[in-house]
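Undergrad: using only what follows, build the 3D model:
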Amino acid sequence: MSKKFTAEVIGTFILVFFGCGAAVIAGANGLEGVGLTGISLAFGISIVAAAYGIGLISGAHLNPAVSLGILLAGKMSPADFVTYVIAQVLGAVLGAAVLYLIMSGKAGFVMGEYALGSNGFGENYLGKFNMTSALVFEIVATFVFVTVILGATQPGASTILAALAIGLTLTGIHLVGIQVTGVSVNPARSIGPAVFAGGAALSQLWLFIVAPLVGGALAGIVHKIGLTRAD
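TA: Here you go, the predicted model:
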C-alpha cells in the first residue's frame, strides 16, 4: 500500500502540474497561449502519462471520484479508498504548490480569485454559467468519465488502449466544459489550486467535491448492477 500511496501522490501531481500548468503558464489567451484545445489536451495527455507511468502500481485513479466509483463497483476496499483519497489530495496540493512557486517568479504576477487553474462558476468565471449548470455538467461529465474508466479496465478490455481511451475522454470533457466550470470531475484536482487561490475558488469548492463524487458514485453503482459491464 505504501507503493500505491506514493504512486497516487505522483500521478495526481502530474495531472495538476501539467493540466493546470497549461492553463496558468501557457495561458488560454493571446498569441502565445495554447488555447482551450491545448489545455484540454494537456489534461488528457497527463492522464495517459500517469497511467503508463504508475498504472501498474496503483491503477492510476488520481481522483477521489474515480476511486469512489471503483469502490462502489466492488473493486476496491474501503480502507484502500481512504488511503487513495489522502494520497490524491496530497498530490494535488503539491502540484498546485509547485505551480505557485513558478508563477510567483513571474514579473507582475498577482493571485486572482480563481488563480492556478481553480474551478468556479458564476458571473466572474469564464463562460458565466450559473450554479445549476455547473452542478449538472460536473455530475454528468464525471459519470461519463468514470463509466469509461470502469469499462476500459474491466476483464477482457485492451489494457494497452485503456489509458488512451481514458485520456481522450478527459480531453473531450474539457473541450466541452472548460467554459462552464474549468472542468473538475475530480475533487482533488479542485482542492489543490483552491487552497492557494482562496476567495471565490475556496468558497465554491464544495460543488467540485460533491458533484464529481455523485457522478462517480452513480457510475460505480450502474457498473455494479451490470448495466455497463460486458459479463
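Undergrad: show me which positions of stretch 100-115 end up buried.
TA: By neighbour count, with 16 or more other C-beta atoms under 10 Å as the criterion, the buried positions of stretch 100-115 are Tyr100, Met103, Glu113, Tyr114, Ala115. Yep, even glycine has a C-beta here, placed from its N, CA and C like the rest.
Undergrad: and what of stretch 175-194?
TA: Buried residues in stretch 175-194, counting neighbours by 16+ other C-beta under 10 Å, are found at 175, 177-178, 180-194.
Undergrad: give me the mean pLDDT for that stretch.
TA: Over the span of stretch 175-194, the pLDDT mean works out to 98.
Undergrad: and it, how far out from the chain middle?
TA: Between the mean C-alpha point of stretch 175-194 and the mean C-alpha point of its chain there is a distance of 7 Å (C-alpha atoms, centre = their mean, to the nearest Å).
Undergrad: what about it, start to end distance?
TA: As for stretch 175-194, its first-to-last residue distance stands at 22 Å under the measure C-alpha to C-alpha, to the nearest Å.
Undergrad: state the mean pLDDT of the lengthiest helix in the chain.
TA: The residue-count maximum for a helix in the chain (DSSP state H) belongs to helix 78-103. Per-residue confidence for helix 78-103 averages out to 97 on the pLDDT scale.
Undergrad: and Leu56, how many neighbours does it have?
TA: Residue neighbour count, defined by other C-beta atoms under 10 Å, stands at 11 for Leu56.
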